[in-house]
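K.L.:
need a structure here:
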Amino acid sequence: MKKKVLFICVHNSARSQIAEAWLNRLCPDDFEAHSAGLEPGTLNPVAVEAMREVGVDIFEKKTQSVFDVFKSGQLFSYVVTVCDESSADRCPIFPGVTTRLHWGFPDPAALTGTEKERLDGVRKIRDQIRARIEMFCDEMCGVGGITFA
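P.N.:
Predicted coordinates for the structure are as follows:
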């Protein structure tokens, strides 16, 4: 039976969406990943482009509120915050036996500069998230390090 994982960031527009996509891609037999945000916004187009470059399409994904997910009563084995610590502290405590983890990553929305500079920054964040997901997969199910084009 797959373990459900919820990734949470502030707007559910980049980091949590990227983490959800990577876990569903890298360890699909063991995990079912979802994502949500404290203040859901719109999907970050630079994050969409950065993921498209590596063959992962998140264009159709919708943002959702972590509080709506909480109210739905879904149970998660892991709730992983991928935002800064102060934002992570605002997340609700989910019912059931849930392991809460915090993996802080920079906020793509805070990147400045040209479009190319912002895309380069999101690529770095995307790759950092992938590396952390690979470590998690390796720790939990021994399949980290899978390479996808």
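K.L.:
distance between the helix or strand bottoming out on mean pLDDT in the chain and the chain's centre?
P.N.:
The weakest-scoring helix or strand in the chain, judged by mean pLDDT, DSSP states H and E, is helix 85-88 (a mean of 76). The chain centre lies 15 Å from the centre of helix 85-88; the measure is Cα atoms, centre = their mean, to the nearest Å.
K.L.:
what are the ranges of the helices in the protein?
P.N.:
Here the chain has its helices, by DSSP state H, at 15-26, 45-53, 66-71, 85-88, 115-141.
K.L.:
List just the one of those that sits closest to L101.
P.N.:
Smallest distance to L101 across these (Cβ to Cβ): 8.4 Å, for helix 115-141. Yep, even glycine has a C-beta here, placed from its N, CA and C like the rest.
K.L.:
Okay, angle between the closest one and helix 15-26 too, please.
P.N.:
In terms of direction (axes from the mean of the first three to the mean of the last three Cα atoms, to 10 degrees), helix 115-141 departs from helix 15-26 by 50 degrees.
K.L.:
ok so, going back, give me the buried positions along the least confident helix or strand of the chain.
P.N.:
Residues of helix 85-88 classed as buried by neighbour count (16 or more other Cβ atoms under 10 Å): 87-88.
K.L.:
what comes into contact with it?
P.N.:
For helix 85-88, contacts defined as Cβ atoms under 8 Å, 6 or more residues apart in numbering pick out 8-10, 38, 81, 102, 104.
K.L.:
Out of these, which is nearest to E32?
P.N.:
When those are ranked by distance to E32 (Cβ to Cβ), I8 comes first, at 15.6 Å.
K.L.:
ranking the helices of the chain by burial, who's on top?
P.N.:
Across the helices of the chain, the average number of neighbours (mean count of other Cβ atoms under 10 Å) peaks for helix 15-26, which reaches a mean of 25.
K.L.:
Now do that helix and helix 45-53, the angle between them.
P.N.:
10 degrees.
K.L.:
Tell me how far the closest residue to L119 other than its chain neighbours lies from S16.
P.N.:
The shortest distance from L119 to any non-neighbouring residue, by Cβ to Cβ, 6 or more residues apart in numbering, is to V46 (5.6 Å). Going from V46 to S16 by Cβ to Cβ, to the nearest Å gives 15 Å.
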